[in-house]
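Trainee: give me the fold of what follows.
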Amino acid sequence: MELFLVLIPVTLGLVVLSLWAFLWSAKNEQFEDLDKQAWSILFEENDTRQPLKNPDVVPEGDKAP
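Mentor: As a prediction, this is how the structure comes out:
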C-alpha cells in the first residue's frame, strides 16, 4: 500500500507534464502544417550529386541509348 503513496503523485505529475507539453505545442502552432515535411521529401532544394571521379564510368541510370 505504501507504493501507492509514491505512484499516485508520480502519475499525476506525468499527466500534468503531458498536458502542459500538449498545450504548449498547440499554442506555438506545432500542429499547423503537418503535410509540409511529408511533401518536402519529394522536392530537392539543391543538387547534391558528386562529380564522377572517373569520367569513363557512367552511372547505370545515366547511360545514353
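
Trainee: how many other residues sit next to Ala21?
Mentor: Ala21 has 10 neighbours, counted by other Cβ atoms under 10 Å. The way it works is simple: take the backbone N, C-alpha and C, and place the C-beta from them, glycine included.

Trainee: now do Phe4
Mentor: Neighbours of Phe4 (other Cβ under 10 Å): 9.

Trainee: which helix or strand contains it?
Mentor: helix 2-27 (DSSP states H and E).

Trainee: so for that helix, mean pLDDT?
Mentor: On average, the pLDDT along helix 2-27 is 95.

Trainee: go on, stretch 43-56?
Mentor: According to the model, stretch 43-56 has a mean pLDDT of 64.

Trainee: for Val15, see how far away Pro9 is.
Mentor: 11 Å (Cβ to Cβ, to the nearest Å).

Trainee: shared neighbours of the two, anything?
Mentor: Residues touching both Pro9 and Val15 (Cβ atoms under 8 Å, 6 or more residues apart in numbering): there are none.
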